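*Asks:* Sequence below, structure please.
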Amino acid sequence: MNDLSLDALDLRLLACLQRDASLSNQALATQVGTSAPTCLRRVQRLHTLGLIERHVAILNPQRLAQALGHGLTAIVEVTLDQQHAQALQAFEDSVAGESRVQQCYRVSPGPDFVLVVHAATMPDYHQLSQRLFGANANVRNVKAYFSVHRSKFGAELPLT
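*Replies:* Sure thing, here's the model as predicted:
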């Protein structure tokens, strides 16, 4: 199924699911103004098309830090010595399996990559950075910015 055409109902479903993926099928159907069977069929189609990757719970890092007694968020710029396709892909592959690297963006101009990293403590971040950056001969420069306060976070993509 490769037909990526979306109608108004599909867009309403995606908008609602981006805000709250825990809604029951019946509640979702009511919110978007359709029947429960149609809603279920459409959501399954959106999954099949790959428009919905997965359902997750978004944790509050400040509250989690209060509960666990730690937490560190870093925005990390990484510049490589070589920027050919294989070198860029090799770096992406090296961070892809690391759970503490939450997001990885290839950017231009400026550094080659910007990462969002969550670590338990500064020593935990240091160990991660030594392994991912210090041991990689193609990493020329790393600049990390440590969050002192998150004023906004969103996961919704614009649909219009």
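
*Asks:* what bits of the chain have low per-residue confidence?
*Replies:* Residues of the chain meeting the criterion pLDDT under 70: 1-2.

*Asks:* any idea how far the residue sitting furthest away from the middle of the chain lies from Ser5?
*Replies:* What lies farthest from the middle of the chain is Ser35; by C-alpha atoms, centre = their mean that is 31.5 Å. Going from Ser35 to Ser5 by C-beta to C-beta, to the nearest Å gives 21 Å. Using the backbone N, CA and C atoms, a C-beta is placed for each residue, glycine as well.

*Asks:* How about the contacts made by the residue positioned nearest the centre of the chain?
*Replies:* Nearest to the geometric centre of the chain sits Gln103, at 5.1 Å (C-alpha atoms, centre = their mean). Neighbour list for Gln103: 115-116 [criterion: C-beta atoms under 8 Å, 6 or more residues apart in numbering].

*Asks:* Can I take it that it is in a strand?
*Replies:* Yes. Under DSSP: H, G, I helix; E, B strand; the rest coil, Gln103 sits within a strand.

*Asks:* can you tell me which helix or strand Ala144 belongs to?
*Replies:* Ala144 is part of strand 139-146 when elements are defined by DSSP states H and E.

*Asks:* From the contact counts, what lies against that strand?
*Replies:* Counting contacts by 3 or more C-beta pairs under 8 Å, 6 or more residues apart in numbering; DSSP states H and E, strand 139-146 packs against strand 72-80, helix 122-129.

*Asks:* Quick check: bridge partners of the residue nearest to the centre of the chain?
*Replies:* Counting by DSSP bridges, Gln103 is bridged to Val116.

*Asks:* gap between it and Gln89?
*Replies:* 17 Å.

*Asks:* now do Pro37
*Replies:* 43 Å.

*Asks:* can you map out the strands along this protein?
*Replies:* With DSSP state E as the criterion, the chain has strands at 72-80, 101-106, 113-119, 139-146.

*Asks:* circling back: surely the residue farthest from the centre of the chain meets Gln26?
*Replies:* No. Using C-beta atoms under 8 Å, Ser35 is not in contact with Gln26, being 9.7 Å away.

*Asks:* I'd guessed His55 sits against Leu23; true?
*Replies:* No. The pair His55 / Leu23 is not scored as a contact, 10.5 Å apart, by C-beta under 8 Å.
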